[in-house]
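Colleague: Mind looking at a prediction? Sequence and model below.
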There are 2 protein chains.
Amino acid sequence: MNELTIFSPATVANISCGFDVLGCCLDGIGDEMTIRKIPQKGIRISKITGMDLPLETENNVAGVAGLALLKKLKEDINFGFEIEIVKKIKPGSGIGSSAASAAGAVFAINHLLDKPFTELELIDFAREGERLACGFPITDNVAPALLGGFTLVKHDEPQKILKLPVLKDLFIVILHPQIEIKTSEARAILPIQVDLNLAVKQWANVGAFVHALHTQDELLFAASLHDYIVEPHRSKLIPGFEEIKDTALEQGALGCGISGSGPSIFSFCKGIQSAQNVKDKLEKIYRSKNIPFQIHISKINPVGIQIVESK
Amino acid sequence: MNELTIFSPATVANISCGFDVLGCCLDGIGDEMTIRKIPQKGIRISKITGMDLPLETENNVAGVAGLALLKKLKEDINFGFEIEIVKKIKPGSGIGSSAASAAGAVFAINHLLDKPFTELELIDFAREGERLACGFPITDNVAPALLGGFTLVKHDEPQKILKLPVLKDLFIVILHPQIEIKTSEARAILPIQVDLNLAVKQWANVGAFVHALHTQDELLFAASLHDYIVEPHRSKLIPGFEEIKDTALEQGALGCGISGSGPSIFSFCKGIQSAQNVKDKLEKIYRSKNIPFQIHISKINPVGIQIVESK
């Protein structure tokens, strides 16, 4: 196999109660990437369409993640890799744009090398792309992009990534207001300290969220989707957030919150009809705001990155 | 049925990462209570052996919990209840002494009335006993006493109690140094605010703990048993805590921490032999300290309060 074309999905990190811990993988929203072996050693980003992003390997998240992988290879190889990206996830959207590129690159290179690395090792390489993108080697988006479904990042050293079960017939509506929120700004707005009482409520909800997935309890899943810590601060950066959230919940969404550090807003819905209702209403509200936006419906993607074609 | 004798178990609340949220039920450590119908209305505490505790109904946790139940009865009854307690769990031990009395009383009265109330309603009545004992209607001990196994208290209104699966072949060693730690002191030593970074680690571990129980993953269970928030403060109140914890973990315990607000220390062990090893070592250490103590091995009790005899 010399060439692989893959679909590298968008992801939602944080998920209300699970700031810096929970994530899930989307379906139908993502980048397309083609990675092929070339005689020249190292990594070359040959083409990016859709967005204006740097082509220099060291300044490109896919490039940096790929280099991190090559560095850990035990045997020397006498060839390299060329990466073409059809970028569909806008950087700064809050649905894991950099993670998709970084995770996609290492997934494909690993395949073309006959899989010398485990999924957990690939996550580590992909985190180097995140380090380039936002200054921190965050895991919450690259983990669900590579593993699919819902993931939980356990932060003690060594970090552990858990793959959680998926609730049946779950859909997600993603509203992406096309405004820019810098990750640094979204981080800076958070308090360094939080009330112990609120933290207790939050960790009870993380436990309840995990239990709800294992027991397929959609009411408990919905009841666990509260964020006492982060959303009260970050929601101020997103125009109309409260109205969007209230409307989504009124329309029957199981939960609604900020995707990643925003500005995208996710709503979980049971069944496609509910997701369609929520999408229609949110679209109507946001049209009145004179802010450009995109809105998508996605299933939860249980497998993560998918191979579209191999040669 | 006019009379019930029950075993009302001790419980461990908090469980490292799960401050104010997680709890589990013990086997073989608990009070014996006999509750019988009497012609006189209301609740009468007729006898307490083993400990010096108030007999006046309004000053006794079992009495207060029983009264809370009677108040919610839809139909008038022309009889009352008499409670005898053989108290084996020392108050202030940190293994749910007041919870055992309160939960036992409402469990037995509900049985003698042909079960007009659900388990969740019984938890609410028993919490009134906790309110008398420590000033707060805390749930973490009465929930596992009534439901058995591991429980998670979700704190949003309305409070939800989740029953979690039990890890196979799990034993718990309880070391009870016979010193007094007032719950008020153990509360006062806690910070009002905590670092967001630590809170994130803590809630990742609560999620990992729940996932570990569902997947029977004992390594993950062990890896989740860290407390970044409460133990660093409360452990200072327990002589030799660090030495005990280090020893328990060296001997193969899956985790070790403060039971409730202390002074009891729990160690989870896989299998009876491991529990016996841990018990032997901890016993040896504590003997050298000139502090009176008790030490027990218990299985996790999957059912909670048990009926010993009914007439």
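Modeller: Looks like it arrived, so ask away. Numbers count the residues shown, from 1 in each chain, chains lettered A, B, ... in the order given.

Colleague: Which residue ranges of chain A form helices?
Modeller: A:61-71, A:97-112, A:119-134, A:142-147, A:183-188, A:196-215, A:218-224, A:231-234, A:241-250, A:272-287 (DSSP state H).

Colleague: Buried residues, the longest one. List them.
Modeller: Right, helix A:196-215. Across helix A:196-215, burial judged by 16 or more other CB atoms under 10 Å in any protein chain shown covers A:196, A:198-215. No exception for glycine: its C-beta is placed from N, CA and C like everyone else's.

Colleague: Quick one: the helices of chain A as a markdown table, columns for distance to B:Ala222 and mean pLDDT too.
Modeller: Shown next, in a markdown table, are those (distance: least, CB to CB, whole Å; pLDDT from 0 to 100):
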| stretch | distance to B:Ala222 | mean pLDDT |
| --- | --- | --- |
| helix A:61-71 | 30 | 97 |
| helix A:97-112 | 29 | 97 |
| helix A:119-134 | 19 | 94 |
| helix A:142-147 | 22 | 98 |
| helix A:183-188 | 32 | 82 |
| helix A:196-215 | 17 | 98 |
| helix A:218-224 | 25 | 97 |
| helix A:231-234 | 32 | 96 |
| helix A:241-250 | 38 | 97 |
| helix A:272-287 | 40 | 96 |
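
Colleague: Could you single out the most deeply buried of those helices?
Modeller: Among the helices of chain A, the stretch with the highest mean neighbour count (mean count of other CB atoms under 10 Å in any protein chain shown) is helix A:142-147, at a mean of 31.

Colleague: what's the closest non-adjacent residue to A:Pro137?
Modeller: By the measure of CB to CB, 6 or more residues apart in numbering or on different chains, the closest residue to A:Pro137 outside its immediate chain neighbours is A:Arg127, 3.8 Å from it.

Colleague: correction: A:Phe268
Modeller: Nearest to A:Phe268 is A:Leu254, by CB to CB, 6+ apart, at 4.4 Å.

Colleague: how near is that neighbour to chain B?
Modeller: Look at A:Leu254 and chain B: by CB to the nearest CB, to the nearest Å, they are 15 Å apart.

Colleague: Please verify my assumption that that residue contacts A:Leu225.
Modeller: Yes. Counting by CB atoms under 8 Å, A:Leu254 touches A:Leu225, with 6.7 Å between them.

Colleague: which residues are in contact with both of those two?
Modeller: A:Phe268 (CB atoms under 8 Å, 6 or more residues apart in numbering or on different chains).

Colleague: Quick check: residues of chain A near chain B?
Modeller: A:17-22, A:152-156, A:160, A:162, A:164, A:190-196, A:199-211, A:214, A:220, A:223-224, A:226, A:229 (CB under 8 Å from any CB of the partner chain).

Colleague: Which strands or helices does the strand ranked longest in chain A pack on?
Modeller: Criterion DSSP state E: the longest strand present in chain A is strand A:22-38. Using 3 or more CB pairs under 8 Å, 6 or more residues apart in numbering or on different chains; DSSP states H and E, the elements in contact with strand A:22-38 are strand A:3-13, strand A:80-86, helix A:97-112, helix A:142-147, strand A:150-154, strand A:170-177, strand A:293-299.

Colleague: So for B:Pro54, which of the ones you listed sits nearest?
Modeller: strand A:150-154 (45.6 Å; CB to CB).

Colleague: Dump that closest one to PDB, keeping only the CA atoms.
Modeller: The C-alpha trace of strand A:150-154 is given here as PDB (Å, rounded to 0.1, in the frame of the first residue of the first chain):
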ATOM      1  CA  PHE A 150     -17.100   8.900  23.500                       C
ATOM      2  CA  THR A 151     -13.700   9.100  25.200                       C
ATOM      3  CA  LEU A 152     -12.500  10.100  28.700                       C
ATOM      4  CA  VAL A 153      -9.000  11.300  29.300                       C
ATOM      5  CA  LYS A 154      -7.700  10.400  32.800                       C
END
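
Colleague: quick check: angle from it to helix A:119-134?
Modeller: 80 degrees (axes from the mean of the first three to the mean of the last three CA atoms, to 10 degrees).

Colleague: What pairs with strand A:150-154, parallel or antiparallel?
Modeller: Sheet partners assigned to strand A:150-154 using DSSP bridges are listed as strand A:22-38 (antiparallel), strand A:160-164 (antiparallel).

Colleague: What average pLDDT does the first one get?
Modeller: The predicted model gives strand A:22-38 an average pLDDT of 96.

Colleague: now the strands paired with strand A:150-154 as TSV including mean neighbour count?
Modeller: Below are these laid out as TSV (neighbours: other CB atoms under 10 Å in any protein chain shown):
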stretch	mean neighbour count
strand A:22-38	23
strand A:160-164	20
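
Colleague: for those, which one sits closest to B:Glu121?
Modeller: strand A:160-164 (31.5 Å).

Colleague: who's in contact with the closest one?
Modeller: A:120, A:123, A:139, A:143, A:147-154, A:210, A:213-214, B:207-208, B:211, B:220, B:223.

Colleague: can we see that at 7 Å?
Modeller: The contact list for strand A:160-164, computed with CB atoms under 7 Å, 6 or more residues apart in numbering or on different chains, reads A:120, A:123, A:139, A:143, A:147, A:149-154, A:210, A:213, B:208, B:211, B:223.

Colleague: Stretch A:256-267 too?
Modeller: With contact meaning CB under 7 Å, 6+ apart, stretch A:256-267 is reached by A:12-16, A:93-96, A:141, A:172-177, A:179, A:181, A:183, A:186, A:225, A:227, A:231, A:234-235, A:237-238, A:241, A:244-245, A:248-249, A:253, A:278.

Colleague: Quick one, which of those residues are buried?
Modeller: A:12-16, A:93-96, A:141, A:172-177, A:181, A:183, A:186, A:225, A:227, A:231, A:234-235, A:237-238, A:241, A:244-245, A:248-249, A:253, A:278.

Colleague: and the nearest residue to A:Glu180 once chain neighbours are set aside, what pLDDT?
Modeller: Ranked by CB to CB, 6+ apart and with sequence neighbours excluded, the top spatial neighbour of A:Glu180 is A:Gly92, at 5.5 Å. Confidence at A:Gly92, expressed as pLDDT, is 89.

Colleague: Number of residues surrounding A:Gly92?
Modeller: Number of residues near A:Gly92 (other CB atoms under 10 Å in any protein chain shown) recorded here: 21.

Colleague: Please report the distance of it from A:Lys72.
Modeller: Distance of A:Gly92 to A:Lys72, computed by CB to CB, to the nearest Å: 30 Å.

Colleague: Kindly report the same for A:Leu167.
Modeller: 36 Å.

Colleague: Comparing these two, which shows the higher neighbour count?
Modeller: Per other CB under 10 Å, whichever of A:Leu167 and A:Lys72 has more neighbours is A:Leu167, with 20 against 11.

Colleague: residue contacts, that one?
Modeller: By CB under 7 Å, 6+ apart, the neighbours of A:Leu167 are A:213, A:216, A:218, A:221.
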